[in-house]
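**Student:** need a structure here:
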Amino acid sequence: MKKLILSTMAILCAGVAFADPVEGVWKTTANDAGGYAYVQIAPCGDKMCGTVVKAFDSAGAEQAGGDVGKAIITGMTLAAEGSFTDGQLTAPGGDKVYPASMSVDGDTLKVKVCPSLCKTLGWSKVAG
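**Tutor:** Prediction:
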């Protein structure tokens, strides 16, 4: 019985240890109007994707509708632990799609949008 419990605990701990640091909820940088969103990054098949789970106005009041529920990061392919390439970022409103990559640096998710904008966005970790 003791061996079974220890084996089960080892398996559960190993699963937690292998979770990618990019997984979780991230706060986007503010847009031109000061609004921002929370994006849940999670596996989608063998890639990583990001879905807007909450949106806020410049005063921090939660906003319904808009991009909530939409995948704005798609097709991110693992390049190295915490680093992804060959994905796409959909701009708010869903009117433009840009090639993108992303990497984790501590509690910051660096989302690089190139070649169109050649801009790196720094998103902050909200929850794991």
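**Student:** which parts of stretch 97-115 are buried?
**Tutor:** When burial is assessed from 16 or more other CB atoms under 10 Å, stretch 97-115 yields the following buried residues: Y98, P99, A100, S101, M102, S103, V104, L109, V111, K112, V113. Any C-beta I mention is one placed from the backbone N, CA and C, and that applies to glycine too.
**Student:** now that stretch: mean pLDDT?
**Tutor:** Stretch 97-115 shows a mean pLDDT of 92 in the predicted model.
**Student:** Just give me the neighbour total for the closest residue to G75 other than its chain neighbours.
**Tutor:** Distances taken as CB to CB, 6 or more residues apart in numbering put G87 closest to G75, at 4.6 Å, once the chain neighbours are dropped. The number of residues packed near G87 is 21, by other CB atoms under 10 Å.
**Student:** swap in the one 5 residues further on?
**Tutor:** Residues near P92, counting by other CB under 10 Å, number 17.
**Student:** Rounded mean pLDDT for whatever helix or strand M76 lives in, please.
**Tutor:** For M76, the host element (DSSP states H and E) is strand 71-80. Throughout strand 71-80, pLDDT has a mean value of 96.
**Student:** Pick out the residue closest to the middle of the protein.
**Tutor:** With distances taken as CA atoms, centre = their mean, I41 lies nearest the centre of the chain, 3.2 Å away.
**Student:** ok, back up a step: now the residue nearest to G75: which helix or strand?
**Tutor:** G87 belongs to strand 83-90 when assigned by DSSP H and E.
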